[in-house]
Structures are given as C-alpha cells and as structure tokens.
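Asks: here you go, sequence then predicted model.
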Amino acid sequence: MAWLKFRADGLFTGQRLLGPEAVLVTDASGTVVDIIDAATAGDEVRTLEGTLCPGFVNAHCHLELSHMAGAIPPGTGLPGFLGRIVEGRAAEEAAIQEAMRAAAARMHEQGISAVGDICNTTASIPLKRGGPMRWVNFIEVLSATDAKAPERLQHFRALRDRFLAEPGLDGHPPIASLAAHAPYSTSPLSFRLINEETAGRVTSLHNQETAAEDELYRSGTGEFLPFFQRLGYAGSPMPVTGLSSLQSVLPHYDRGQRLLLVHNTFTSPEDLAFGAAHAAQAGLDIVYCLCPNANLYIEGRLPPVADLLGSGARVVIGTDSLASNTDLSIAAEMRTLLRHVPGLTLETTLRWATSEGALALGLQDSLGSLRIGTRPGLVWLDRDMQASRLC
C-alpha cells in the first residue's frame, strides 16, 4: 500500500507542536500510520508552509439557524438579538435544509471533524445521517416556569429520543443529551429535572453572555425585562438571588456531568473560583467554551481569556451560529483569540480546537489527536491561519 506523507513548518499532534523535522504518514483513507523523522521519510513527502494538525472540533454550534445568516446586524446586544431570533427563525423547510447543508459542507471543508450542535427540532437529523462529521446533539431545553417544567421536559425528551434512535456513523452510536438553554430561560425545577436526566453525561449551558444576565439574578432588573414582556411575562420569571447567574444556577448540577459553559463573556474571577470549588465538591467536569467572534458580533466584547488561563480552567472553542457570526470556522475563532489575547500561543489554541474539544464531547478515542490507527482528519493551517482539509 502507498503511504501519504505530509510535512510543514509545524506538526501539532493534539498535545504538542513538533518542528519541521516531523513527517506525518497516513494511508489513503487518512488513517494515521506514524510520525517519523524527515531524515528517514524518503521521497514523495508533501511539504507545506504553515502548520498541520488534527481535524478541528467545533464544540458549540447552532446549525438550525444557518438560514438566518446576515439577518441580524452586529451590535444588538443579547436581549435584542434573542428577540430578533424569535421573530425571524421561521422559514420554509427547504430553505432551512439547504442552508444547513451548505453550512455543514463548509465546516467540513475548513477542517472541522466534529460538532457539538444545539438542536431545537429534529430538522438536522437527515443531514447528519451520512457524515462525514461526527455530531454531538444537545437538545436545548427552554422552560422558564416551574409550572410547565414537567410538560416541557417530556417534549424535549421525545426530541432527544428521536436523535438517539438514529443508526450513528461508522459504528459509533449516536450521542444526544438534554441541555438547558441559559440561566434566563430555565426555571429552578427545570434545572433540577435536567440535572437528573443528564447524570454522568455531557451537557451544555449558555453562560453569562451579557451583563444583563447577572443583573437579572442579582436584582430582578435590567434589559431582559422587555424581552420577557414580549413573551407574555409581567416581570422576570427567574428568582432573585443576589448572586451572579453562574453562582445562582451551577448548584443545580451535581450528578457527575461534563458541563460545557458556553460564551462566558462576563464571567468573573470569582465565578471561576466558585465553579472550580463546586465542581470539586459535586464531581462535575466543567469546560469553558469560547465563541469569540459571536461575542464580538453581539456584545462587542471578548470573554476573559487571561482569567481562564490563569485559573487553569479547561477551554474549548465553538462558533455559535450564522445568525451571530459570518462563518462557522474554528480557524477564524483561533485567529481572533491570537490577535486579541497577549501571550496566548498557537500550541495552546490548537489544543483547545482539537484534543480538548474531542475530550469535552466524549470523542477522544477517535478524534482530536494524531494517534496511530485513528482517522481524526488532517488540516493545513497556512501562515495566514487559513484552514484547508487535506484528508
């Protein structure tokens, strides 16, 4: 069998960045055969400028919103953005399907091998049946009052079970779990029910994407109140705790989940310390997912990456949706982080985008690293940090 050999300025294995002397060897299907020294690699080595790495993991995406590309202008702030989503989400099914297909194809072309996808309907199931990417489906629970929590959870369980009934991909079983939408849309009883349903599983939660989220829990006031009024609530349906939103809702999780906290744009060092202490006590695995381009698009602000680095928190990268981003590109998110965060290295960012993402989604056995016998995908990042899939 003929092997394919690849060499670049750097080869990232999923754990560390090797120099130009490293040559990756794969078979024709993209399965990793070995990493060898250039001095013994022989002829027919494809040499590229830039960096080679495993396929990316997009840890947070809303594929169902792909038809809303360009529909909402930047700078609306999150409460305004959510109102526009509610108003503009409906569309012809054919348009939704075509937009999702085009978005998924572009993600794959740009090197993404797996996606943590937020699902509000079963619309994406047909697209996900045939691959080539792996999907971890987070069935998003919106349940703002205790009174309707059992009824709402029954509806979302049925959606989850539809995804779990699918055949999976390449022998891998389908992955789907319930996930609370956000602290401002999930009642205390709803959180408790989700906690039971997600015991020992991976789940996610939009966290502190706007300062108004903390204000809602601290005082019951702020920019979310007009949004709630449009939904028919006289005031905030959420309890006033006097604490940040994260410190108010994180104690609802205590069943050994891996919890992806997404966005974290206004997460404080005190919140990070609280999260670490609660995780240690409750047996949680907390992972912070960054979607910097969406944060800039909606709120004009980046999450506190330096605080996350200093706290030793685990970090992964997502893209959010085409309603809040111009592209579903992990390379573009990496470029933004490297441009704005002093001291952040390419090696650290690549780890977040590959092996850490795979571990967060429970896909580390097959994706995220260039290990012999696996087929994680191979991405070429040129010297301008533009990504292309090689296999």
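Replies: Perfect, I can see it now.
Asks: which pLDDT value goes with residue 230?
Replies: Residue 230 carries a pLDDT score of 86 in this model.
Asks: so that it lines up with my notes, have the first residue be 42 from now on.
Replies: Noted, 42 is the first residue going forward, which turns the last one into residue 271.
Asks: isn't it up against residue 125?
Replies: No. The pair residue 271 and residue 125 does not pass the contact test of C-beta atoms under 8 Å, sitting 11.2 Å apart. The way it works is simple: take the backbone N, C-alpha and C, and place the C-beta from them, glycine included.
Asks: so for those two, which sits in the more crowded spot?
Replies: The neighbour comparison of residue 271 against residue 125 (other C-beta atoms under 10 Å) goes to residue 125, with 15 against 12.
Asks: what's the closest non-adjacent residue to that one?
Replies: Among residues not flanking residue 125 along the chain, residue 113 sits closest, at 4.6 Å (C-beta to C-beta, 6 or more residues apart in numbering).
Asks: measure the one you found to residue 182 for me?
Replies: Applying C-beta to C-beta, to the nearest Å, the value for residue 113 to residue 182 is 23 Å.
Asks: more crowded one of the two?
Replies: Under the neighbour definition other C-beta under 10 Å, residue 113 and residue 182 were set side by side, and residue 182 has more, 27 against 22.
Asks: what is the burial count for the closest residue to that one other than its chain neighbours?
Replies: Nearest residue to residue 182, sequence neighbours excluded (C-beta to C-beta, 6+ apart): residue 197, at 4.9 Å. By other C-beta under 10 Å, 22 other residues sit near residue 197.
Asks: check the gap between residue 197 and residue 127 for me.
Replies: Distance from residue 197 to residue 127, by C-beta to C-beta: 18 Å.
Asks: give me the number of residues near residue 150?
Replies: Using other C-beta under 10 Å, the number of residues around residue 150 comes to 12.
Asks: model confidence for residue 210, exactly?
Replies: For residue 210, pLDDT reads 85.
Asks: isn't it up against residue 172?
Replies: Yes. When contacts are counted by C-beta under 8 Å, residue 210 is listed as touching residue 172 (5.0 Å).
Asks: more neighbours, these two?
Replies: Taking neighbours as other C-beta under 10 Å, residue 210 and residue 172 compare with residue 210 leading, 16 against 11.
Asks: contacts only, for that one.
Replies: 172, 175-176 (C-beta atoms under 8 Å, 6 or more residues apart in numbering).
Asks: would you mind measuring the gap between the ends of stretch 380-396?
Replies: One end of stretch 380-396 sits 22 Å from the other (C-alpha to C-alpha, to the nearest Å).
Asks: mind listing what's buried along it?
Replies: Buried positions in stretch 380-396, judged by neighbour count with 16 or more other C-beta atoms under 10 Å: 382, 385, 387, 389-396.
Asks: kindly report the same for stretch 369-383.
Replies: Quick answer for stretch 369-383 (16+ other C-beta under 10 Å): 369-378, 382.
Asks: and it, average pLDDT?
Replies: pLDDT averaged over stretch 369-383 gives 98.
Asks: next one: stretch 251-260
Replies: 97.
Asks: now do it: everything it contacts.
Replies: With contacts defined as C-beta under 8 Å, 6+ apart, stretch 251-260 is touched by 118-120, 223-225, 249, 262-265, 277, 279-286, 289, 306-307, 339-340.
Asks: off-centre distance for it?
Replies: The chain centre lies 23 Å from the centre of stretch 251-260; the measure is C-alpha atoms, centre = their mean, to the nearest Å.
Asks: same question, stretch 156-173
Replies: 14 Å.
Asks: that older thread, just confirm the residue nearest to residue 125 is within a helix.
Replies: No. Counting by DSSP: H, G, I helix; E, B strand; the rest coil, residue 113 falls outside a helix, being coil.
Asks: so where do the helices sit in this protein?
Replies: 119-129, 134-150, 166-169, 190-205, 229-238, 252-260, 265-271, 286-290, 310-323, 333-339, 346-352, 371-381, 387-394, 396-401 (DSSP state H).
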